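Student: Sequence first, then the predicted structure:
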Amino acid sequence: MMSNSLYPIFLKLEELSLLIIGGGNIALEKLQSVLANSPGAQIKLVAKEISDQVKELKQNYPNLTLHERSYTDNDFNSADLAIVAVNDIILAEQIRSRAHQNNTLVNIADKPGLCDFYLGSIVRKGDLKIAVSTNGKSPTVAKRLREILTETIPDEEMEGLLDNMQNIRNQLKGDFTYKVKELNRLTTDYLGEKTIQPEETKLEMEKLINITKTVQRRANIYLGIIGVFILIAVLALIIFQFNLSGDIQNFLSQDGHIFYWMLLAGFLAEVVAGSMGMGYGVICTTILLLLNIPPPIVSASIHSAESFTSAAGSISHYKLGNVNKKMVWILFPVAAVGAFIGAFALSHFGEKYAHIVKPVIACYTLYLGINILRNAFKGKDRRTGKSIRKKRTNLRVLGLVGGFIDSFAGGGWGPLVTGTLIKEGRTPRYVVGSSTLAKFLLTVVSALTFIFTIGIHHWNIVLGLLLGGVFTAPFSAMFTSRLPAKKMFAIVGVVVIVMSLITIVRSLM
């Protein structure tokens, strides 16, 4: 059996001159393929009759020149490559012979035996290109393989992967052998994530949780240390200078000493977020609703506090190379729109219709609590091994809905957006890093919207949540490191469900 002896080569076609002979549908297909992959290539097309579709391409590609006439031998003088798209086999053989006399390589459309080179079916994913060849035996199979690879390889992750690998390669020190070995190890780890079998998914999620805990713990400790020194110095100076000790006591005792409750809420929320990588907003929302805080104040307080705490996590993920910029710029704009709509709607209708809005939000947190509890008792998938290719969620729709729900309900971005993307089989570290950065940006948008709509009159709640989450981060980190993740899921799920049910019952009474 003859094997495929072709050697695949990628040409810098924009530095070469291409001649296309023919102006019908076949020529159009070849021309579109070339322009899609090398839009700046210098192309000369010669044919007795040129179709209107080919002429339309000329409007967008000034580097394409059209000559509506019969070809001549002189056309080969400046051509490095030639594509012949004519329906006459005898004429095609004559053109091939003339081209060879000028040392020009030729591709004869649909005649593999006469071709000096083949045009492969090309998969494009950012800077990645994969050419598929069947040695001229079946272009249909090549096209089908191209469709499968295009659907399977993730668009938004590949560009970030290639950029990260280039940065890592430039930063690596050592000899050539060491660099090759290290890059091979990193790419093996990445590709291994794409072939995880169902029974290994649990281990992958546990690894992700541990990574997220480490990142968040480190970020919060840094932020806490910096914040402690700055705030202590500033507060001490202000208190001493303006004799504010009495005013501070009044501030701390406002609304039934709610500041201290918020310290506790921020601490508990940080414990949960540090253990599960998500859930800060869900826990805070549930506690604040239980304390009968109006829904607009609930969401505004949480997003104001999260503007500071989520910044540290975003910076850490960015430095670790976990951020896919393309995914962020797809998610953030629509998420910001959703956050603005959610904050605007809640600030205008949340207090007036609190008897409706509060149980609606409580029902949502109840749903999230049930999901958390279900994850705690989910057993390993014992079914056999072949991974099922899932349909990808539209990132823009997911970002819009996630931004709205997070802003309107006070939380939910992590369980909805991050959880959905991980379940689809996307690379976990890029999902978590990109989602965290997008979450920080939409949190800022949401907080600013609340500031301009309902003003700033909830600083006791904001400071309580912020200080509870940041200053106690080292202690919460030690606490979460000693609690199994599965038990944490169960405890948090039960707590969220119970508090949500209490809020629903109180709202309906």
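Tutor: Thanks, I have the structure now. Numbers count the residues shown, from 1 in each chain.

Student: low-scoring stretches of the stretch 401-509 of the chain, by residue?
Tutor: For the stretch 401-509 of the chain, the stretches with pLDDT under 70 are 425, 427-429, 456-458, 469-489, 507, 509.

Student: 80 instead?
Tutor: In the predicted model, the stretch 401-509 of the chain carries pLDDT under 80 at residues 409-412, 414-416, 418-420, 422-433, 454-496, 498-500, 502-509.

Student: Sketch out the helices for it, chain order is fine.
Tutor: With DSSP state H, counting those that start in this stretch, the ranges of helices along the stretch 401-509 of the chain come out as 413, 419-423, 428-454, 459-470, 473-481, 485-508.

Student: and of these, who's closest to Lys325?
Tutor: Nearest to Lys325, of all those, is helix 428-454, at 8.0 Å by CB to CB. Every residue, glycine included, has its C-beta placed from N, CA and C.

Student: Using the three-state scheme, assign Tyr118.
Tutor: Judged by DSSP: H, G, I helix; E, B strand; the rest coil, the three-state class of Tyr118 is coil.

Student: Is there a neighbour count for it? I'd like the number.
Tutor: Close neighbours of Tyr118, defined as other CB atoms under 10 Å, add up to 17.

Student: ok, now how distant is it from Val54?
Tutor: Separation of Tyr118 from Val54 (CB to CB, to the nearest Å): 22 Å.

Student: Take the helices of the stretch 401-509 of the chain and write them to TSV, including mean neighbour count and distance to Leu172.
Tutor: Shown next, in TSV, are the helices of the stretch 401-509 of the chain (neighbours: other CB atoms under 10 Å; distance: least, CB to CB, whole Å):
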stretch	mean neighbour count	distance to Leu172
helix 413	31	35
helix 419-423	18	29
helix 428-454	24	19
helix 459-470	24	35
helix 473-481	18	31
helix 485-508	18	34
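
Student: what's the closest of the ones you listed to Gly266?
Tutor: Closest to Gly266 of the helices of the stretch 401-509 of the chain, according to CB to CB: helix 459-470, at 2.3 Å.

Student: and of the helices of the stretch 401-509 of the chain, who's closest to Leu6?
Tutor: helix 428-454 (34.7 Å).

Student: Run the angle between the closest one and helix 459-470 for me.
Tutor: Angle, helix 428-454 to helix 459-470, by axes from the mean of the first three to the mean of the last three CA atoms, to 10 degrees: 160 degrees.

Student: If you count contacts, what does helix 428-454 end up packed against?
Tutor: If you count contacts as 3 or more CB pairs under 8 Å, 6 or more residues apart in numbering; DSSP states H and E, helix 428-454 packs onto helix 155-171, helix 201-242, helix 295-319, helix 325-349, helix 395-409, helix 413, helix 419-423.

Student: For Ala82, which of the helices of the stretch 401-509 of the chain is the nearest?
Tutor: Smallest distance to Ala82 across the helices of the stretch 401-509 of the chain (CB to CB): 43.1 Å, for helix 428-454.

Student: Distance check, Trp459 against Ile451.
Tutor: Look at Trp459 and Ile451: by CB to CB, they are 11 Å apart.
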